[in-house]
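K.L.:
turn this into a structure:
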Amino acid sequence: MGVFQRNILKELNIWKSDKGRKPLIIRGARQTGKTVAIELFGKTFSTLISLNLERDSDRNLFEQNNSVQKVCQGIELLKGKNPLQPDTLLFIDEIQNSGKAIELLRFFYEDYPQIFVVCAGSLLEAVMRKEGFSFPVGRVEFLYMYPMTFDEYLIAYGKENVL
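P.N.:
Numbers count the residues shown, from 1 in each chain. Purely as a prediction, here's the structure:
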């Protein structure tokens, strides 16, 4: 079947065009296609910078820095791409692996609102309770991604007429 259109892409494009957008966290169960959908969405930008916080090098960008400015400098050194460049999407995958990264999201919104920041994570609420941290309320937005819907299934198999 390969890659197919997901309904969440429409919502991501609405978020992209919102002048008052905040960093976006996409929540959902494991293996629902969050990463694939965001990478597909990333193709609508000139530049996509992907961080996976399961990797020590990516997670350490947040764990070892106390400011978004230093995180951005670290990203440029590590990935060779500047997140402050126009039309750049910064994708932070597996964000549940760093409470520090979640805390710093508020400063992306406050200090660098021009950066498009999308995060994905699974089991976020369980990790929050275990680690004892909270989301920067009012400084981030959330979308929930469900497993494939019936209409997505029909479209993936070329059965649009059944819809």
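
K.L.:
may I see the buried residues of stretch 44-52?
P.N.:
45, 47-52 (16 or more other CB atoms under 10 Å). (C-beta placed from N, C-alpha, C; glycine too.)

K.L.:
the nearest residue to Leu9 once chain neighbours are set aside: what secondary structure?
P.N.:
Nearest non-adjacent residue to Leu9, counting by CB to CB, 6 or more residues apart in numbering: Phe41, 5.9 Å away. Per DSSP: H, G, I helix; E, B strand; the rest coil, the local secondary structure of Phe41 is helix.

K.L.:
so Phe41 versus Leu90, what's the distance?
P.N.:
Separation of Phe41 from Leu90 (CB to CB, to the nearest Å): 12 Å.

K.L.:
now swap in Val36 and tell me
P.N.:
Taking CB to CB, one finds Val36 at 17 Å from Leu90.

K.L.:
higher neighbour count, these two?
P.N.:
When Val36 and Leu90 are compared for neighbours, Leu90 comes out ahead with 26 against 12, by other CB atoms under 10 Å.

K.L.:
which ones are touching that one?
P.N.:
49, 51, 75, 83, 115-118 (CB atoms under 8 Å, 6 or more residues apart in numbering).

K.L.:
is it correct that Lys81 is in contact with Thr88?
P.N.:
Yes. The pair Lys81 / Thr88 is scored as a contact, 7.2 Å apart, by CB atoms under 8 Å.

K.L.:
mind listing the shared neighbours of these two?
P.N.:
47, 49.

K.L.:
for this protein, which segments count as helices?
P.N.:
8-17, 34-42, 56-63, 68-79, 99-111, 124-131, 150-156 (DSSP state H).

K.L.:
for Arg27, which of those helices is the nearest?
P.N.:
helix 124-131 (5.5 Å; CB to CB).
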